[in-house]
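Model the structure of this input:
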Amino acid sequence: MIHTYLDKTIHFEIKYKNRSSMGITIDSYGNVEVQAPKGTPDEKVIQLLEKNWDPIQQKLKEMKDRLQGPQEKVYDHGETFLYLGNTFPIQIFQDSTIAQDYVRFEEDKLHIYVKYPEDEKIKHALKRFYYQQCKAIVEKSISSYQSYFKTKPRSIRITDSQTTWGTCDSRLQLTFNWRLAMAPQSVIDYVVVHEMCHMVHLNHDRSFWRLVGKIMPDYKEKENWLALSNWKMTV
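Numbers count the residues shown, from 1 in each chain. The predicted structure follows:
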(Lines give C-alpha, C1' and ligand atoms only; values in the text may rest on other atoms or scores of the structure.)
Protein backbone atom coordinates (compact mmCIF):
# COMPACT_ATOMS: atom_id res chain seq x y z
CA MET A 1 0.00 0.00 0.00
CA ILE A 2 1.02 3.64 -0.49
CA HIS A 3 0.26 6.65 1.67
CA THR A 4 1.24 10.31 1.22
CA TYR A 5 1.27 12.73 4.14
CA LEU A 6 3.06 16.05 4.71
CA ASP A 7 4.54 15.86 1.20
CA LYS A 8 6.18 12.49 1.91
CA THR A 9 5.13 9.13 0.46
CA ILE A 10 5.79 5.71 1.96
CA HIS A 11 5.11 2.17 0.83
CA PHE A 12 3.92 -0.17 3.56
CA GLU A 13 2.43 -3.58 4.11
CA ILE A 14 -0.31 -4.56 6.56
CA LYS A 15 -0.26 -7.93 8.26
CA TYR A 16 -3.35 -8.92 10.22
CA LYS A 17 -2.64 -11.13 13.20
CA ASN A 18 -4.20 -12.44 16.39
CA ARG A 19 -3.14 -9.53 18.56
CA SER A 20 -4.83 -6.84 20.63
CA SER A 21 -3.00 -3.76 19.39
CA MET A 22 -1.27 -2.33 16.33
CA GLY A 23 2.45 -1.91 15.85
CA ILE A 24 4.92 -0.66 13.23
CA THR A 25 8.18 -2.32 12.27
CA ILE A 26 10.84 -1.18 9.81
CA ASP A 27 13.42 -3.72 8.71
CA SER A 28 17.06 -3.03 7.89
CA TYR A 29 16.17 -2.36 4.25
CA GLY A 30 13.52 0.26 5.01
CA ASN A 31 10.46 -1.91 4.48
CA VAL A 32 7.57 -0.63 6.60
CA GLU A 33 5.13 -3.15 8.04
CA VAL A 34 2.04 -2.50 10.15
CA GLN A 35 0.90 -5.39 12.29
CA ALA A 36 -2.76 -5.08 13.22
CA PRO A 37 -5.53 -7.17 14.82
CA LYS A 38 -7.76 -8.96 12.35
CA GLY A 39 -10.61 -6.75 11.19
CA THR A 40 -8.82 -3.44 11.83
CA PRO A 41 -10.19 -0.77 9.45
CA ASP A 42 -7.72 0.80 7.01
CA GLU A 43 -8.38 4.25 8.42
CA LYS A 44 -7.10 3.11 11.83
CA VAL A 45 -3.88 1.95 10.21
CA ILE A 46 -3.49 5.29 8.44
CA GLN A 47 -4.08 7.15 11.70
CA LEU A 48 -1.31 5.11 13.34
CA LEU A 49 1.08 5.87 10.48
CA GLU A 50 0.38 9.60 10.57
CA LYS A 51 0.73 9.68 14.36
CA ASN A 52 4.21 8.19 13.99
CA TRP A 53 5.10 9.96 10.74
CA ASP A 54 8.18 11.85 11.95
CA PRO A 55 9.94 8.87 13.59
CA ILE A 56 9.09 6.71 10.56
CA GLN A 57 10.67 9.27 8.22
CA GLN A 58 13.72 9.54 10.45
CA LYS A 59 14.12 5.76 10.51
CA LEU A 60 13.74 5.52 6.74
CA LYS A 61 16.39 8.20 6.27
CA GLU A 62 18.76 6.30 8.55
CA MET A 63 18.17 3.11 6.56
CA LYS A 64 18.79 4.92 3.28
CA ASP A 65 21.99 6.50 4.59
CA ARG A 66 23.21 3.16 5.90
CA LEU A 67 22.66 1.42 2.56
CA GLN A 68 24.55 4.20 0.78
CA GLY A 69 27.51 3.67 3.10
CA PRO A 70 29.92 6.16 4.69
CA GLN A 71 29.99 9.58 3.12
CA GLU A 72 33.27 11.41 2.72
CA LYS A 73 33.79 13.86 5.56
CA VAL A 74 34.47 17.55 5.08
CA TYR A 75 36.78 18.89 7.76
CA ASP A 76 35.19 22.29 8.09
CA HIS A 77 32.82 24.17 10.39
CA GLY A 78 29.48 22.42 10.74
CA GLU A 79 30.51 18.93 9.62
CA THR A 80 29.15 16.41 12.13
CA PHE A 81 30.72 13.50 13.96
CA LEU A 82 29.41 10.94 16.42
CA TYR A 83 30.36 11.12 20.06
CA LEU A 84 28.76 8.90 22.73
CA GLY A 85 25.89 8.05 20.42
CA ASN A 86 24.94 11.58 19.39
CA THR A 87 25.93 13.69 16.41
CA PHE A 88 27.75 16.96 17.04
CA PRO A 89 29.10 19.63 14.69
CA ILE A 90 32.76 20.58 14.71
CA GLN A 91 34.15 24.08 15.07
CA ILE A 92 37.74 24.72 14.11
CA PHE A 93 40.07 27.18 15.81
CA GLN A 94 43.54 28.02 14.54
CA ASP A 95 46.09 28.62 17.29
CA SER A 96 49.75 28.77 16.32
CA THR A 97 50.84 28.90 19.98
CA ILE A 98 49.64 25.42 21.04
CA ALA A 99 52.16 22.62 21.52
CA GLN A 100 49.84 19.96 20.08
CA ASP A 101 46.54 19.96 18.19
CA TYR A 102 43.61 18.86 20.36
CA VAL A 103 39.83 18.52 20.56
CA ARG A 104 37.58 19.61 23.39
CA PHE A 105 33.86 18.87 23.74
CA GLU A 106 32.16 22.15 24.66
CA GLU A 107 28.69 23.65 24.25
CA ASP A 108 27.41 20.61 22.32
CA LYS A 109 30.20 21.00 19.77
CA LEU A 110 33.54 19.38 19.09
CA HIS A 111 35.96 22.30 19.27
CA ILE A 112 39.11 21.48 17.33
CA TYR A 113 42.24 23.52 18.04
CA VAL A 114 44.99 23.20 15.44
CA LYS A 115 48.13 25.05 14.48
CA TYR A 116 47.27 24.72 10.83
CA PRO A 117 43.66 24.10 9.63
CA GLU A 118 44.52 21.31 7.21
CA ASP A 119 42.27 18.28 6.70
CA GLU A 120 44.84 15.73 7.85
CA LYS A 121 45.70 17.78 10.93
CA ILE A 122 42.03 18.04 11.88
CA LYS A 123 41.42 14.35 11.23
CA HIS A 124 44.45 13.37 13.29
CA ALA A 125 43.31 15.58 16.18
CA LEU A 126 39.88 13.95 16.09
CA LYS A 127 41.31 10.44 16.14
CA ARG A 128 43.54 11.31 19.09
CA PHE A 129 40.50 12.70 20.91
CA TYR A 130 38.54 9.48 20.32
CA TYR A 131 41.47 7.36 21.45
CA GLN A 132 41.78 9.31 24.69
CA GLN A 133 38.06 9.36 25.36
CA CYS A 134 37.69 5.66 24.59
CA LYS A 135 40.47 4.75 27.04
CA ALA A 136 38.94 6.80 29.85
CA ILE A 137 35.38 5.58 29.20
CA VAL A 138 36.39 1.93 28.91
CA GLU A 139 38.46 2.03 32.10
CA LYS A 140 35.55 3.54 34.00
CA SER A 141 33.17 0.94 32.60
CA ILE A 142 35.50 -1.90 33.56
CA SER A 143 35.62 -0.58 37.12
CA SER A 144 31.82 -0.44 37.18
CA TYR A 145 31.44 -4.10 36.16
CA GLN A 146 34.46 -5.55 37.97
CA SER A 147 32.29 -6.75 40.87
CA TYR A 148 30.79 -9.42 38.58
CA PHE A 149 34.20 -11.03 38.03
CA LYS A 150 36.78 -12.69 40.27
CA THR A 151 39.62 -11.93 37.88
CA LYS A 152 40.84 -8.58 36.59
CA PRO A 153 42.23 -7.66 33.19
CA ARG A 154 46.01 -7.47 33.14
CA SER A 155 46.10 -4.64 30.64
CA ILE A 156 43.78 -2.42 28.62
CA ARG A 157 44.71 -1.12 25.19
CA ILE A 158 42.94 0.98 22.58
CA THR A 159 43.56 -0.09 18.99
CA ASP A 160 42.63 0.78 15.42
CA SER A 161 41.02 -2.49 14.41
CA GLN A 162 39.00 -2.78 11.20
CA THR A 163 37.34 -6.06 12.19
CA THR A 164 36.59 -6.14 15.92
CA TRP A 165 35.17 -3.91 18.65
CA GLY A 166 37.16 -5.63 21.34
CA THR A 167 39.25 -8.69 22.17
CA CYS A 168 40.42 -10.66 25.19
CA ASP A 169 43.35 -13.05 24.96
CA SER A 170 44.41 -15.93 27.20
CA ARG A 171 46.62 -13.58 29.21
CA LEU A 172 43.54 -11.47 30.09
CA GLN A 173 44.73 -8.56 27.99
CA LEU A 174 41.75 -6.54 26.76
CA THR A 175 41.79 -4.37 23.66
CA PHE A 176 39.07 -2.03 22.41
CA ASN A 177 38.43 -0.18 19.17
CA TRP A 178 38.81 3.61 19.48
CA ARG A 179 35.61 4.07 17.46
CA LEU A 180 33.63 2.87 20.47
CA ALA A 181 33.84 6.44 21.78
CA MET A 182 31.27 7.24 19.08
CA ALA A 183 28.76 4.74 20.51
CA PRO A 184 26.26 5.34 23.34
CA GLN A 185 27.56 4.63 26.82
CA SER A 186 25.30 1.57 27.13
CA VAL A 187 26.78 0.09 23.94
CA ILE A 188 30.32 0.69 25.19
CA ASP A 189 29.33 -1.02 28.43
CA TYR A 190 28.11 -4.03 26.45
CA VAL A 191 31.40 -4.41 24.58
CA VAL A 192 33.25 -4.11 27.89
CA VAL A 193 31.05 -6.76 29.51
CA HIS A 194 31.44 -8.99 26.45
CA GLU A 195 35.22 -8.91 26.64
CA MET A 196 35.30 -9.25 30.42
CA CYS A 197 33.14 -12.37 30.10
CA HIS A 198 35.89 -13.78 27.89
CA MET A 199 38.13 -13.65 30.95
CA VAL A 200 35.92 -16.51 32.19
CA HIS A 201 34.97 -18.18 28.89
CA LEU A 202 37.42 -17.63 26.03
CA ASN A 203 34.98 -18.91 23.39
CA HIS A 204 31.37 -18.08 22.52
CA ASP A 205 29.74 -21.17 23.98
CA ARG A 206 26.43 -21.27 25.84
CA SER A 207 28.09 -20.60 29.18
CA PHE A 208 29.62 -17.43 27.79
CA TRP A 209 26.32 -16.06 26.50
CA ARG A 210 24.52 -17.02 29.71
CA LEU A 211 27.05 -14.96 31.65
CA VAL A 212 26.69 -12.01 29.27
CA GLY A 213 22.88 -12.22 29.53
CA LYS A 214 23.01 -12.44 33.32
CA ILE A 215 25.00 -9.22 33.56
CA MET A 216 23.29 -7.41 30.67
CA PRO A 217 19.91 -8.97 29.73
CA ASP A 218 19.31 -6.53 26.84
CA TYR A 219 22.71 -7.09 25.21
CA LYS A 220 21.13 -7.97 21.85
CA GLU A 221 19.83 -4.40 21.57
CA LYS A 222 23.41 -3.16 21.91
CA GLU A 223 24.62 -5.59 19.27
CA ASN A 224 21.87 -4.38 16.98
CA TRP A 225 22.92 -0.75 17.45
CA LEU A 226 26.48 -1.61 16.43
CA ALA A 227 25.28 -3.64 13.44
CA LEU A 228 23.12 -0.78 12.15
CA SER A 229 25.41 2.12 13.06
CA ASN A 230 28.98 0.94 12.50
CA TRP A 231 28.99 2.40 8.96
CA LYS A 232 28.82 5.95 10.31
CA MET A 233 31.39 5.50 13.09
CA THR A 234 34.21 7.06 11.17
CA VAL A 235 36.34 10.18 10.84
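
Give the buried residues for stretch 228-235.
Using 16 or more other Cβ atoms under 10 Å as the test for burial, stretch 228-235 gives 229-230, 232-233, 235. Where C-beta positions appear, they are placed from N, C-alpha and C, glycine not excepted.

no, scratch that, I was asking about stretch 39-48
Result for stretch 39-48 [16+ other Cβ under 10 Å]: buried residues 40, 45, 48.

go on, stretch 130-142?
So for stretch 130-142, counting by 16+ other Cβ under 10 Å, buried means 130-131, 133-135, 137-138, 141-142.

repeat for stretch 5-18
10, 12.

Same check on stretch 154-163?
Ile158.

just to revisit the earlier point, which one of the buried residues of stretch 130-142 is nearest to Phe176?
Val138 (5.1 Å; Cβ to Cβ).

quick one: what helix or strand has the closest one in it?
helix 119-145 (DSSP states H and E).

Ok, Lys64 next?
helix 53-68.

Mind giving me the packing neighbours of whatever helix or strand comes next after that helix?
Scanning forward in sequence from helix 53-68 by DSSP H and E, the next helix or strand is strand 80-83. For strand 80-83, the packing partners by 3 or more Cβ pairs under 8 Å, 6 or more residues apart in numbering; DSSP states H and E come out as strand 86-94.

what angle separates the strand it packs on from helix 119-145?
For strand 86-94 against helix 119-145, the angle by axes from the mean of the first three to the mean of the last three Cα atoms, to 10 degrees is 130 degrees.

right, and the helix or strand after strand 86-94?
strand 102-106.

tell me the angle that next one makes with helix 119-145.
Using the same axes, to 10 degrees: strand 102-106 against helix 119-145 is 60 degrees.

Give me the sheet partners of the helix or strand following strand 102-106 and which way each runs.
Next along the chain after strand 102-106, taking DSSP H and E as the criterion, comes strand 109-114. Strand 109-114 has these partner strands in its sheet, going by DSSP bridges: strand 86-94 (parallel), strand 102-106 (antiparallel).

Out of the ones you listed, the one nearest Tyr116 is which?
strand 86-94 (7.2 Å).

Show me how far the closest one is from its chain's centre.
Distance of strand 86-94 from its chain centroid, counting by Cα atoms, centre = their mean, to the nearest Å, is 19 Å.

Could I get the average pLDDT for that strand?
What strand 86-94 shows for mean pLDDT is 96.

Provide the secondary structure category for Thr164.
Per DSSP: H, G, I helix; E, B strand; the rest coil, the secondary structure class of Thr164 is coil.

Also Ser161?
Going by three-state DSSP: Ser161 is coil.

what pLDDT does it get?
For Ser161, pLDDT reads 89.

which intervals of this structure have sub-threshold pLDDT?
The model of the chain has pLDDT under 70 over residues 67-70.

Report back the residue of this protein that's furthest from centre.
Gly39 (38.7 Å; Cα atoms, centre = their mean).

Quick check: closest non-adjacent residue to that residue.
Using Cβ to Cβ, 6 or more residues apart in numbering and skipping residues adjacent in sequence, the residue nearest Gly39 is Tyr16, 7.5 Å away.
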